[in-house]
Structure formats: structure tokens, C-alpha cells
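J.: Predicted coordinates and the sequence they were generated for:
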Amino acid sequence: MNNQKLLLDYTLRLADDALIIGHRISEWCGHGPILEQDIALTNTALDHLGRARSLYQYAAEQFNQLPVEEKKSIFTSVAIQNMVQAGASLDEDDLAYLRDGWDFKNLLLLEQPNIDWAFTIARSFFYDVFNYFFFDQLKASNDASLSAVAEKSLKEVTYHLRWSSEWVVRLGDGTDESHKRMQHAVNELWSYTGEMFTINGTDKAMQQEGVGVNLEGIKQMWTEHIKVVFEDATITIPAGTWMQQGGKEGRHSENLGYILAELQFMQRAYPGMEW
């Protein structure tokens, strides 16, 4: 895979992560435990979706610059294949709405269902800690577009992390029931956290090119931050080191299919529709 296709893969992964977690969090809109937190979580979802749009725009630019034969080998989606065959250019909406499930490269953690408030908090907390250190490093990327996205995102993620950390402590060190639910959510989601630090060929190449970040270095900082917050929350880190993986390679749980069925319905039902 050449560097341009690797950069496209790297950009799409970041965009897919932001889109899927943004969609998952948006499911709480109108259903939050109290009005203030409903609004806070909805705004967080919009932050993720805004980042997804910026990254999809950049990914579409990269895709459109590729030779036609290379374009044909990237996505399995029939809709996109037809667009390529017709010589049409892709935009951010096409990448979000017309790719099939196996074309998505988001982390498995982010597609897991909300279940309850504690699950949503635990999932957001794990990802927020990762994002904080990830985007802090990505600011130094020699890719100007990714660096700009990282700089803007870090301001948002700083708030996301403060919010989710406070809720982990609030639930973990709260009542017996809230502690039980928080610990259960952490136990259930823990095996999905390792994939954030799984290094594949794209990660290696982008780090060597000065585009991507050092995931091994981030893992240590992530772990230390988790320990500090969990200590305040009286939450125990689950035992065991086995971790789920596959999302980065396009292998997903059944949960992604349900997300895409809802997310992509309008464009699939009415192709090419615009507001």
C-alpha cells in the first residue's frame, strides 16, 4: 500500500471513530437523566460529528486524487463503485453514508450499545482519555490538515475528559447501586480498550512518516490516568489481558450493522438526496 492510500486509511479510521461514537452518544438526546446532562452529552455528540465531517472532507480529497484503478480496490460498496465507474468525485457524505460495514475501520469499543448511563460513561471515559493524549501528539503531525484537526479537537476533548472523569467518580464513589453499575460497565468494556493501542501497518508507516503518533507512548499515559481516576472512584481495574480486536481491519460486531442501518437509511432509500 502506497503512502497516499495509507494516509487515506489513517484519516478514515479517525473519521469513523468520531462518527460512530458521535452517533452512539446522540442516542441519548432527549433521554438523559437530567436536562443539564442531556444537553451536555448532545453537545459532545456534535463535537464528535463535527470532527468526523472535517476528517471525511480531507479523506474525500485524498480519495479523489487517486488513479481510477486504485479507487476501485479501496471500498467494497456497490454504490461507491458505481460512482467511481461514472467518474464522480466523492464527498464527506458519501464516505459516511454509502460505505458498507466492512469498509468502516472504527474501534470496536465505540460501536458497543449504551445499555445504561454507566456503560455510556465508561465507554466515553476510556475513549476521552485516549483522545486527549492522541490529539495532543497529533498536533505535531507534519500533515497540516491532521494537525489542524488535532488542535481544534484537543480543546473539545479536554472538556469531554473532564466531564466523563467526573461522572466516573460520581457513580463509582456514589451509592452501592451506582458503584455496582459503574464497576459492571468497566468490567464489560475493558476487553475493548486494548485495540486503541494495537499497532498495524498503517500505524507504523504513519508514525515513521511523522504523520501519526506513537501509540505505545500513549498507552502508558492512558493507563496511568485511568488508575488515578479509578482510585478516586473506588473502581477496580479488571484482571486479565485478553483484548478484542478487528475494528481497525474492518471486522466488527453486529452492533455496527444496526448503527449503519439507522444512520444510512435516508441516503440508501433516496440516493443523492440533499436538504
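T.: Everything's here; your move.
J.: what residues are up against residue 178?
T.: 118, 170-172 (CB atoms under 8 Å, 6 or more residues apart in numbering). Where you see a C-beta, it was placed from the backbone N, CA and C, and this is true even at glycine.
J.: what's the helix or strand for it?
T.: With elements delineated by DSSP states H and E, residue 178 resides in helix 176-189, which encompasses its position.
J.: can you pull the buried residues of whatever helix or strand comes next after that helix?
T.: Remark: after helix 176-189, the chain's next helix or strand is helix 201-208, criterion DSSP H and E. Along helix 201-208, these residues count as buried under the neighbour rule (16 or more other CB atoms under 10 Å): 202-203, 205-207.
J.: Which neighbouring elements make contact with helix 201-208?
T.: Using 3 or more CB pairs under 8 Å, 6 or more residues apart in numbering; DSSP states H and E as the contact definition, the elements that helix 201-208 packs against are helix 3-26.
J.: next SSE after the helix it packs on?
T.: On the C-terminal side of helix 3-26, the nearest following helix or strand under DSSP H and E is helix 35-64.
J.: Poorly predicted segments of this protein, please.
T.: With pLDDT under 70 as the threshold, the chain has low-confidence stretches at 1, 275.
J.: try 80
T.: Low-confidence regions of the chain, defined here as pLDDT under 80, cover residues 1-2, 31-38, 240-241, 272-275.
J.: give me the element residue 126 is part of.
T.: Remark: residue 126 resides in helix 117-138, with elements defined by DSSP H and E.
J.: which residues make contact with whatever helix or strand residue 217 lives in from outside it?
T.: Following DSSP H and E, the helix or strand that holds residue 217 is helix 215-233. For helix 215-233, contacts defined as CB under 8 Å, 6+ apart pick out 125-126, 129-130, 132-134, 137, 165, 168-169, 171-173, 182, 186, 196-199, 203, 207, 236-237.
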